[in-house]
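> Curious how this folds, go ahead:
(one chain, ligands or ions: 1)
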Amino acid sequence: MSGCKLETKTFYQAIDNEVLIGSRCLSCGHISIPQRYICSRCHSTEAERLEFVGTGKLAAFTVIYVPATEMVKAGYDSKNPYMVGIVTLDEGPRISAQILGMDLTDPAKIKIGTPLKMKVIERGPEGQTKKFLAFEPL
Ligand SMILES: [Zn+2]
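Below is the predicted model:
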């Protein structure tokens, strides 16, 4: 198994426990999400696990009217669209996730910089639900 897969697996296991994790490079202080064993900035292999507070600000977003199959099963369609955003965490790194609790009737009114907090949601067929990272307004 490659290191990359392992890192992603650990990240989603943490989401199952409703914890958002990443890593901080002990050499240069660079913060990564998901965590990395090799720093993308200075290539150091010395890093510590970091738990994010789970708050941040909306940096960019898209409202999706033509959802993928999985999201159609979750009840989304052109009349009930959903929003995916890039969130800048208070600790610095950015992550993409579904954004909940926004008024999507007029996406032009959604403000970049809206404060958000993480919310882990469950989705999927009964008995086989999976947890997903999402954000909602603070
Ligand atoms: Zn580094």
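> CA atoms for contacts and neighbours, from now on please.
Fine.
> residues touching the residue sitting furthest away from the middle of the chain, list them.
Centroid-distance maximum for the chain: residue 27 at 25.6 Å, with CA atoms, centre = their mean. Taking CA atoms under 8 Å, 6 or more residues apart in numbering, we find residue 27 in contact with 42, 44, 46-47.
> For the chain, what lies in contact range of the ion?
25, 28, 39, 42 (CA under 5 Å from the ion).
> residues in contact with the residue positioned nearest the centre of the chain?
In the chain, the residue lying closest to the centroid (CA atoms, centre = their mean) is residue 97, at 3.9 Å. By CA under 8 Å, 6+ apart, residue 97 lies in contact with 84-87, 133-135.
> That one in helix, strand or coil?
strand (DSSP: H, G, I helix; E, B strand; the rest coil).
> What separation is there between it and the ion?
Between residue 97 and the ion the distance is 25 Å, computed by CA to the ion, to the nearest Å.
> Now do the contacts for residue 52.
When contacts are taken as CA under 8 Å, 6+ apart, residue 52 is in contact with 19-22, 89, 91.
> Over to residue 124?
Contacts of residue 124 by CA under 8 Å, 6+ apart are 73-74, 130.
> low pLDDT regions in the chain?
For the chain, the stretches with pLDDT under 70 are 1-7.
> What segments of it are helices?
In order along the chain, the chain carries the following helices (DSSP state H): 3-16, 69-73.
> so of those, which one's packed in deepest?
Comparing those by mean neighbour count (mean count of other CA atoms under 10 Å), helix 3-16 comes out on top with a mean of 15.
> Contact partners for the residue nearest to residue 101 when sequence neighbours are not counted?
Leaving aside its sequence neighbours, residue 101 sits nearest to residue 136 (CA to CA, 6 or more residues apart in numbering; 5.7 Å). Each residue near residue 136 by CA under 8 Å, 6+ apart is listed here: 99-102, 116-119.
> Residue 93 touches residue 33, doesn't it?
Yes. Residue 93 is within contact range of residue 33, at 6.6 Å (criterion: CA atoms under 8 Å).
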